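>>> Following is a predicted model, sequence given first.
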Amino acid sequence: MDPILIVDDEEKIRSLVRLYLEREGFDVEEAEDGRVALEKFRAGQFSLLIVDLMMPDIDGWRVCREVRESSALPIIMLTARGEEFDRVLGLELGADDYLVKPFSTKELVARVKALLRRSSGKLQPVSSEITVGLLCIDKERHRVSIEDDVINLTPLEFDLLYFLAKNRGRVFSREQLMETVWGYDFYGDARTVDTHVKKLREKLSHPSVKGMLVTVWGVGYKFDPDQVH
């Protein structure tokens with residue numbers, strides 16, 4: 001497996017995260033700021049990125065945005081602040097998950113493992129593709145297309161769409177989606193789900209599929225092809 005890249009301007013944080021990940025058998029590389037992180041990202045191959053949002057010069061938001069321009073690499077963002085704006089902005093710029101400092105190293109390792117299972121295609125067994133009108137969700141090839149036009153999704157976005165489509169018509173709470181799709185017990189702010197659904201809707205804006213991801217107010221979300229508008 002390719003190494004994990006840790007990006008944080010605090011050496012103590014980098015060392016702590018590295019220690020616990022290496023104990024789990026992961027290879028780890030470090031970057032002390034966003035500039036070094038982007039240089040390493042462009043020069044090498046990584047399996048996952050852990051990036052602090054608040055860094056001088058090039059911050060974590062910019063790192064997320066630039067990585068997402070060319071890669072679906074799983075990203076976990078770290079922030080010392082708990083404000084909703086920080087979390088939502090980081091998720092909208094392409095991060096898959098977040099942790100607020102101080103965080104549990106056990107929880108971080110659990111989230112790393114869950115994201116890596118997803119990106120390696122081992123989260124769920126391979127099954128036949130799902131076709132709804134012009135929308136095709138191919139689990140085996142990890143490919144989503146509308147009229148043969150490929151829609152670029154991150155591994156987490158793909159699994160969220162696949163899970164909802166496979167269970168079409170059934171409503172899931174945010175907590176259920178976190179536990180089932182994210183792949184670990186629910187922690188923290190379930191509004192992470194809201195942000196990922198928003199991004200999916202933006203990418204599935206074609207008239208033939210627009211509206212399939214339905215918000216059930218006070219409950220959660222469902223996939224309903226009959227709601228296309």
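Nice, I can see it.
>>> Show me the contact partners of stretch 144-164.
Residues from elsewhere that reach stretch 144-164, judged by C-beta atoms under 8 Å, 6 or more residues apart in numbering: 68, 72, 74, 94, 96-97, 115, 118-119, 123-124, 130, 134-139, 142-143, 172, 177, 180-182, 193, 196-197, 199-200, 203-204, 206, 208-209, 213, 221-223. For the C-beta atoms, the positions are set from N, CA and C on the backbone; glycine is no exception.
>>> are any of these buried, and which?
Buried members of those, counted by 16 or more other C-beta atoms under 10 Å: 68, 72, 74, 94, 96-97, 115, 118-119, 123-124, 130, 135-139, 142, 172, 177, 180-182, 193, 196-197, 199-200, 203-204, 209, 213, 221-223.
>>> so of these, which ones are in strands?
97, 130, 135-138, 172, 213, 221-223 (DSSP state E).
>>> Domains in the protein, by residue range?
Listed by automatic domain parsing, the domain ranges of the chain are 4-119, 130-227.
>>> Turn these into TSV, including mean pLDDT.
TSV is the format used below for the domains of the chain (pLDDT from 0 to 100):
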stretch	mean pLDDT
domain 4-119	88
domain 130-227	86
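>>> State the three-state secondary structure for Glu66.
For Glu66, the secondary structure call by DSSP: H, G, I helix; E, B strand; the rest coil comes out as helix.
>>> Name the residue closest to the centre of this protein, please.
Using C-alpha atoms, centre = their mean, the residue of the chain that lies closest to the mean C-alpha position is Asp96, 2.3 Å off.
>>> mind listing what that one touches?
If a contact means C-beta under 8 Å, 6+ apart, then Asp96 has 74-76, 115, 154-156 as its contacts.
>>> Let's see that with 6 Å instead.
By C-beta atoms under 6 Å, 6 or more residues apart in numbering, the residues touching Asp96 are 74-75, 115, 156.
>>> Distance to Ala80 for the ones in strands among the buried ones among the contacts of stretch 144-164 - can I get that in JSON lines?
Formatted as JSON lines, the entries for those read as follows, by distance: C-beta to C-beta, whole Å:
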{"residue": "Asp97", "distance to Ala80": "16"}
{"residue": "Ile130", "distance to Ala80": "41"}
{"residue": "Leu135", "distance to Ala80": "40"}
{"residue": "Cys136", "distance to Ala80": "42"}
{"residue": "Ile137", "distance to Ala80": "38"}
{"residue": "Asp138", "distance to Ala80": "40"}
{"residue": "Phe172", "distance to Ala80": "32"}
{"residue": "Leu213", "distance to Ala80": "33"}
{"residue": "Tyr221", "distance to Ala80": "30"}
{"residue": "Lys222", "distance to Ala80": "36"}
{"residue": "Phe223", "distance to Ala80": "36"}
